[in-house]
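> Here is a sequence together with a model predicted from it:
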Amino acid sequence: MLSISELQCQRHQQQFNYSLEVKPGEVVALLGASGSGKSTLLELISGFVPASQGSLNWKGDDLLALPISQRPVTSLFQQHNLFHHLSLKQNIALGISQQLKLNAAQQQQVSDIADSLGISAILDKRPDQVSGGQQQRAALARCLIRHRPILLLDEPFSALDPMLRLECLELVKQLAEQYQLAVLMVTHQWQDALRVAQRVAFIEQGKTQQFASLKQLEQSPANQHIAHYLACS
C-alpha cells in the first residue's frame, strides 16, 4: 500500500499537507479546484519536490529516502511526451532503454504490452499518424513496461473528446486491476472519478480536506466548498 501521512512541503510561499493511502489495484482520484495542490502531491511522491516533513511509504519502505530514479513510480501527464520522430514501438521501448537497444525478451515485452492495449497493428506508425487516444495508449504502454507499481496520472485525458476520455478511463481501471497498480489520478471532473476511482481525496488550499469513498464524499461532504464543487461538477 502507498501510505501518505502528514506529508508536507513549502512551495510558492504556501504550505502543503497531505494524508491518504492507495492500495494495489486501486484508483484514487484527486479532486479540487485549479491551484489547490493536486499536482504538487504527485511531484512530492515522484521526488521532484522535496518534503519538509511527514511520511511516504510503499509496502513499508520509506520512499523519501530514495532518489527520484529509484522510486517505484511512473507518471503520465496531459502532454504525454511521445517523440514524434520515433515510431510508437520505439517510444514504448524507451521505457526499457533510452538507447533503444532491446534484447529478444525485451522486444517481446513491448509486443505483449502493445497487444494488451490494442495497438499492435500501429506500432510502426509515428505519433502524428495515429489518433489522440492511440497516442495515450502508447504513453500508458511506456509507463507499464517500466514495471513500477505506483502510477501517477496528471489529467492525461483532459484534451481528448468525451468518448475517447471515457475509453481511456476504463482502460486505466482495467490496468490497475490487471497489474495491481496503485493509481493516483488528478482530475477536475467528478464524473471521471465516478467512472474509475474507488476513493477520492479532495484537495483544497494545499491540504487533504477529505479522503473518502465516492459514496461518503457524495453523501457527507466535509464542508460547504466540497458540497458546492460536487454540485457544480
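Okay, I see it.
> I would like the residues contacting the longest helix seen in the chain, please.
As assigned by DSSP state H, the longest helix anywhere in the chain is helix 162-179. For helix 162-179, contacts defined as Cβ atoms under 8 Å, 6 or more residues apart in numbering pick out 25-27, 116-117, 131-133, 136-137, 140, 144, 149, 151, 153, 156-158, 160, 181-183, 185, 192, 195-196. (Each C-beta comes from the backbone N, C-alpha and C, glycine too.)
> Mind doing that once more with 6 Å?
25, 27, 133, 136, 157, 183, 192, 195-196 (Cβ atoms under 6 Å, 6 or more residues apart in numbering).
> what's the answer for stretch 59-70, then?
Outside stretch 59-70, the residues within contact range by Cβ under 6 Å, 6+ apart are 47, 51, 56, 71.
> neighbours around the first one, how many?
Right, the one you point to is G47. Counted with other Cβ atoms under 10 Å, residues neighbouring G47 total 18.
> Check the third one too.
Residues lying near L56 (other Cβ under 10 Å) number 21.
> any idea how far S52 is from A182?
24 Å (Cβ to Cβ, to the nearest Å).
> between those two, who's got more neighbours?
Taking other Cβ under 10 Å, A182 and S52 do not tie; A182 has more neighbours (24 against 14).
> tell me the contacts of the nearest residue to that one once chain neighbours are set aside?
Excluding its sequence neighbours, the residue lying closest to A182 (Cβ to Cβ, 6 or more residues apart in numbering) is V22, at 4.1 Å. V22 makes contact with 2, 28, 182, 184, according to Cβ under 6 Å, 6+ apart.
> Okay, and which of these map to strands?
Counting by DSSP state E, the part of the contacts of V22 found in strands is 2, 28, 182, 184.
> Among those residues, which one sits closest to Q13?
Within the ones in strands among the contacts of V22, the smallest distance to Q13 is 25.2 Å, found for L184 (Cβ to Cβ).
> so which of the contacts of helix 162-179 comes closest to E204?
D192 (18.2 Å).
> Show me this protein divided up by domain.
2-72+149-232, 82-147 (automatic domain parsing).
> surely G32 meets A201?
No. Contact status for G32 versus A201: not in contact, 8.5 Å apart, counting by Cβ atoms under 6 Å.
> Report the buried residues of stretch 10-30.
Neighbour counts using 16 or more other Cβ atoms under 10 Å place 16-22, 24-30 of stretch 10-30 among the buried residues.
> could you pull out the strands for this structure?
Counting by DSSP E, the strands of the chain are 2-11, 14-22, 27-31, 53-58, 61-62, 73-77, 150-154, 182-186, 199-204, 207-213.
> Can you check which of those strands gets nearest to K125?
Per Cβ to Cβ, nearest to K125 of the strands of the chain: strand 73-77, 19.9 Å.
> What strands flank the closest one, and is each parallel or antiparallel?
Paired strands of strand 73-77, with direction, are strand 150-154 (parallel) (DSSP bridges).
> Average pLDDT for stretch 106-113, rounded please.
The average of the pLDDT scores along stretch 106-113 is 94.
> residue ranges with poor pLDDT in the protein?
Scanning the chain for pLDDT under 70 picks out 80.
> Show which residue of it lies farthest from the average position.
A104 (29.3 Å; Cα atoms, centre = their mean).
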